[in-house]
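Trainee: requesting a structural model of the entry that follows:
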Amino acid sequence: MTPTGALVRDNWRMVGKLSVITALMFGFGYALVPIYRSICDALGINVLSLAELGVQGGSRTGYKSTQVDLSRAITIEFDANSRGPWEFKPAMRSVVVHPGELTTVMYEFRNTQNRTMAAQAIPSYAPMQAMPYFNKLECFCFNEYTLKPGEAKQWPVVFVIDPKLSKDVKTITLSYTFFEVGGKVPPEPAGRSAAVNALGPKS
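Mentor: Below you'll find the predicted structure:
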């Protein structure tokens, strides 16, 4: 066989190998979607972006879960504790949901101080046994915030109640305590400090 013929044969072999590899990669990529869904269903995970979920402030989305238990209804009550000179409250006090149903509620906050503050919220649940089954996909409690004087914010809480929650639980209270983070708050405005110093100590 001539060198040219051997080169042509090697080239065709390489083309064949690349074609097989390409087909295998395409098949693997195509199979990832059902494999991913199967794993998520088995683990009870449903990871979707807020854009895909169609989250809208203060209202439920059009998202439909295949695991919604329409035979049960649970009342979710919302509470807010303000440990400081600011306004903090839920946009709605309660909502009735089905286990497995995606729900969105809004919380409202306003810094009524004349200084910037750093703060964060901590959630609590009643009854405590409901906590492992209260799955939050998005929550302002995941982050710490710096808010300017008079600044107002609205934050969503996107959650799903796990259908595995005991049927004895009819009502869940979700409460947030919003507190100022120590050591990360900017100092008091210089103008106010100077005015206090000018007044001198109280007799």
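Trainee: so residue 175 is in which element?
Mentor: strand 171-180 (DSSP states H and E).
Trainee: now swap in residue 157 and tell me
Mentor: strand 152-161.
Trainee: now the strand holding residue 175 against strand 152-161, angle please.
Mentor: 150 degrees (axes from the mean of the first three to the mean of the last three C-alpha atoms, to 10 degrees).
Trainee: so what strands line up beside strand 171-180?
Mentor: Sheet pairing of strand 171-180 (DSSP bridges) gives strand 74-82 (parallel), strand 117-126 (antiparallel).
Trainee: list the buried residues for that strand?
Mentor: The neighbour-count check on strand 171-180 (16 or more other C-beta atoms under 10 Å) flags 172, 174-178 as buried. Glycine gets a C-beta too; all of them are placed from N, C-alpha and C.
Trainee: about what we covered before: next, format the strands paired with strand 171-180 as TSV and append mean pLDDT and mean neighbour count.
Mentor: Shown next, in TSV, are the strands paired with strand 171-180 (pLDDT from 0 to 100; neighbours: other C-beta atoms under 10 Å):
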stretch	mean pLDDT	mean neighbour count
strand 74-82	90	17
strand 117-126	89	16
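Trainee: picking up where we left off before, tell me the buried residues in the strand holding residue 157?
Mentor: Result for strand 152-161 [16+ other C-beta under 10 Å]: buried residues 155-161.
Trainee: what's it packed up against?
Mentor: Under the contact definition 3 or more C-beta pairs under 8 Å, 6 or more residues apart in numbering; DSSP states H and E, strand 152-161 sits against helix 50-53, strand 103-111, strand 134-138.
Trainee: any idea which of the ones you listed is most buried?
Mentor: Each of the helices and strands packed on strand 152-161 was scored by mean neighbour count; the highest is strand 103-111, a mean of 20, by mean count of other C-beta atoms under 10 Å.
Trainee: which residues sit against that strand?
Mentor: 55-61, 76, 78, 80, 86-92, 95, 97, 117, 121, 140, 147-160, 176, 178 (C-beta atoms under 8 Å, 6 or more residues apart in numbering).
Trainee: give the pairing partners of that strand; include direction for each.
Mentor: strand 86-90 (antiparallel), strand 152-161 (antiparallel).
Trainee: nearest to residue 16, of the ones you listed?
Mentor: strand 152-161 (49.2 Å; C-beta to C-beta).
Trainee: run through who's touching that closest one.
Mentor: Residues contacting strand 152-161 (C-beta under 8 Å, 6+ apart): 46, 50, 53, 55, 57, 65, 74, 76, 91, 97-111, 133-140, 145, 147, 172, 174.
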